[in-house]
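>>> when you get a sec, could you give me coordinates for this:
(one chain, ligands or ions: 3)
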Amino acid sequence: MSVHNPDIKRVTTHTLQELKGRGEKISALTAYDYSMARVVDAAGVEVILVGDSASNVMAGHETTLPITLDQMIYHAGSVVRAVKRALVVVDLPFGSYQGNSSEALRSAIRIMKESGAHAVKMEGGQEIRESVVRVLSAGVPVMGHLGLTPQSIYKFGTYAVRAKEDAEAQKLISDALLLQEIGCFGMVLEKIPATLTKQVSEQLQIPTIGIGAGPDADGQILVIHDMLGINKEFKPRFLRRYADLHNIMLEAIAHYVDDVKTNDFPNETEAY
Ligand SMILES: Nc1nc(=O)c2c([nH]1)NC[C@@H]1CN(c3ccc(C(=O)N[C@@H](CCC(=O)O)C(=O)O)cc3)CN21
Ligand SMILES: CC(C)C(=O)C(=O)O
Ligand SMILES: [Mg+2]
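Ligands and ions are numbered 1, 2, ... in the order given. Below is the predicted model of the structure:
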């Protein structure tokens, strides 16, 4: 195991296109704070998403809906200050872009200006076409997000796999083509059948990044706290755990508590 691509050359939207062109998969993870983003960037991840999953993971909300634009900008600024190489993409939060392209543009410009991020992500296809076009026209790169779009959870009712039926699969394909045609540089495909991911990824020139979308997306993304095992409760089938940080942290902290109680910490060398 090694740290991948140690040379520091910034990842751009064009880099992602080149990676797809030569069949090299794209790695992506979320980060919401400076210290975590430093590690993720140093490990060679190409795309760091400041996801609105911060609403769940950072703030303890049940859904992504409550997080505000100001809060997303705070998280994004912290991540941008840490990152030397990765492309930093920021989720436009619920209510900051849907249905009003002027508001979408204003929200995207605030993210770019106040956080220094490199791109934004928006959930949906045809429904948000005008907003995506308007943001792109200002020179802000946009990533799409289709399939299970968590900002619409109250429409879906569950976090079950999307686009299993033909009608929804056909709409997803036409939305993917639309997002490409209007100029998105890539898109997330979340919790859809692997066969649909394969079909869409083969049809598109621009890269797809999957989560619960099978092996044929052009890249993969996970929430960092899930894949490190910090977040014990979240265990969907698509998640692979690469560490058990929950237990490592728990043991370390319990050890500290014990050392404090027993007057073991601090010792002479740890005092002035
Ligand atoms: N910590 C975290 N990780 C994520 O991947 C994530 C978030 N938060 N918040 C925003 C969205 C929501 N996403 C989700 C949310 C729930 C499931 C889920 O619970 N799936 C279960 C049950 C689904 C069902 O009702 O059938 C599963 O077993 O897959 C999957 C993705 C992905 N995103
Ligand atoms: C799961 C990814 C794609 C996301 O949108 C988020 O973390 O908010
Ligand atoms: Mg999100």
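>>> report how many residues lie close to the closest residue to ligand 1 within the stretch 1-150 of the chain.
For the stretch 1-150 of the chain and ligand 1, the shortest gap (CB to the nearest ligand atom) falls at residue 53, measuring 3.6 Å. Heads up, the C-betas are built off the backbone N, CA and C, glycines and all. Residue 53 sits with 22 neighbouring residues when counted by other CB atoms under 10 Å.
>>> wait, what's in contact with it?
Applying CB atoms under 8 Å, 6 or more residues apart in numbering to residue 53 gives the contacts 30, 64, 91, 150, 223.
>>> also residue 270?
So residue 270 contacts nothing (CB under 8 Å, 6+ apart).
>>> could you tell me the per-residue confidence at it?
Among the per-residue scores, residue 270 holds a pLDDT of 98.
>>> that one and residue 216, how far apart?
Going from residue 270 to residue 216 by CB to CB, to the nearest Å gives 53 Å.
>>> which SS class is the residue in the chain that ligand 1 sits nearest to?
Residue nearest to ligand 1 within the chain (CB to the nearest ligand atom): residue 236, separated by 3.0 Å. Under DSSP: H, G, I helix; E, B strand; the rest coil, residue 236 falls in the coil class.
>>> could you pull out the helices for this structure?
Counting by DSSP state H, one finds helices in the chain at the ranges 13-21, 34-42, 54-57, 69-82, 101-115, 129-137, 153-156, 166-182, 194-203, 224-227, 245-261.
>>> pull the number of nearby residues for residue 148.
For residue 148, the neighbour count with other CB under 10 Å is 23.
>>> likewise the one 5 residues further on?
Residue crowding around residue 153 was assessed by other CB under 10 Å; the count is 16.
>>> if we can go back for a sec, could you pull up phi and psi at the residue of the stretch 1-150 of the chain closest to ligand 1?
phi -60, psi -10 (degrees, to the nearest 10).
>>> what separation do you get for it and residue 248?
22 Å.
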